[in-house]
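1. show me how the following folds:
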Amino acid sequence: MDPYVAQLVSTFVFFFAVIDPIGTIPVFLAVTKDYDSRGRRRVALIATLVSALVLLAFVVGGEYLLAAMNIPRSAFQVAGGIVMFLFALSMIFGESKPDAETRLARGHSETAIFPLAIPSIAGPGSMLAAVIMTESTRFSLVEQVATAAIMIAVLLITLVLMLAASGVNKIIGPGGASVISRVMGLILSSVAVTGVLTGIRAFFLTAPG
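-> Numbering: from 1, shown residues only. From the prediction side, this is the model:
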């Protein structure tokens, strides 16, 4: 496989794991159980739009924020990898994303924004990923735009799955969504460890003396 294509596939799998569109289905069904079909479509569209805006804001402004706080990118990469690893562990060993966020949804009425858009779709892991995967010191502008496009593509897949949530849920069931979420956590943990190791290497290569 061409290295560039392999990189695109790797980026897609990474964002698919961290956003976890399939794990969003039970959450969407829980928060829209009292809505008609038109209301469900509206909630799905608003949640996807808000998630896209939040994640794109991190793509555009994440590095500027780090620069303003004088935080080395290598340190952020190590810290981000550790946080993402802990997030992945919670997906694997803790309460799965569908279970935890479905329970969170029961006590809130502003379903499109919270907890569907944030933190179910645009959660801490995906916000962190948006910054790490578009660092200007590691990726060219073309690669950053391609990464942002892949991220939007995953969000569109999430939208499609939410619109078809009832049918998909009949096929995989809540248990299936939980299993898939844990598999995504395993993939994410591998990516997180790689990020930590890369950040440590970059820190020592750029350290004075």
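
2. could you count how many residues lie near Thr32?
-> Counted by other CB atoms under 10 Å, the residues lying close to Thr32 total 24. In short, each C-beta sits where N, CA and C put it, glycine included.

3. do I have it right that it meets Thr111?
-> Yes: at 6.5 Å, Thr32 counts as touching Thr111 under the criterion of CB atoms under 8 Å.

4. for the chain, what spans make up the helices?
-> 3-19, 21-31, 37-68, 73-93, 97-105, 124-132, 141-163, 165-206 (DSSP state H).

5. most tightly packed of the ones you listed?
-> helix 21-31 (a mean of 25; mean count of other CB atoms under 10 Å).

6. which other helices and strands does that one contact?
-> helix 37-68, helix 97-105, helix 141-163, helix 165-206 (3 or more CB pairs under 8 Å, 6 or more residues apart in numbering; DSSP states H and E).

7. relative to Ala6, which of those helices is closest?
-> helix 141-163 (12.9 Å; CB to CB).

8. that closest one packs against which elements?
-> helix 3-19, helix 21-31, helix 37-68.

9. would you confirm that Thr147 contacts Met133?
-> Yes: with contact defined as CB under 8 Å, Thr147 counts as touching Met133 (5.0 Å).

10. which residues are in contact with stretch 7-20?
-> 1, 84, 91, 97, 121-123, 125-126, 129, 133, 143, 146-147, 150-151, 153-155, 157-158, 180-181, 184-185, 187-188, 191 (CB atoms under 8 Å, 6 or more residues apart in numbering).

11. swap that for stretch 116-127, sorry
-> Here stretch 116-127 has contacts from 15, 18-19, 23-24, 27-28, 31, 43, 46-48, 50-51, 54-55, 58, 83-84, 87-88, 97, 101, 105, 155, 158, 188, using CB under 8 Å, 6+ apart.

12. any idea of the pLDDT on Gly209?
-> pLDDT for Gly209: 49.

13. sketch out the low-pLDDT regions of this structure for me.
-> For the chain, the stretches with pLDDT under 70 are 95-110, 174, 206-209.

14. try it again with 90
-> 1-7, 14, 17-18, 20, 22-37, 61-120, 123-129, 131-133, 135-140, 166-209 (pLDDT under 90).

15. and Ala165, which of the helices and strands packed on helix 141-163 is closest to it?
-> When these are compared (using CB to CB), the closest one is helix 21-31, at 4.9 Å.

16. on that earlier part again, tabulate the helices and strands packed on helix 21-31 in a markdown table, adding columns for distance to Val9.
-> Output for these, formatted as a markdown table (distance: least, CB to CB, whole Å):
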| stretch | distance to Val9 |
| --- | --- |
| helix 37-68 | 20 |
| helix 97-105 | 23 |
| helix 141-163 | 9 |
| helix 165-206 | 13 |
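
17. of these, which is nearest Ser74?
-> helix 165-206 (3.9 Å).

18. for that closest one, packing partners?
-> Against helix 165-206 (3+ CB pairs under 8 Å, 6+ apart) you get helix 3-19, helix 21-31, helix 73-93, helix 97-105.

19. let's go with 10 Å and repeat that
-> Counting by 3 or more CB pairs under 10 Å, 6 or more residues apart in numbering; DSSP states H and E, the packing neighbours recorded for helix 165-206 are helix 3-19, helix 21-31, helix 37-68, helix 73-93, helix 97-105, helix 124-132, helix 141-163.
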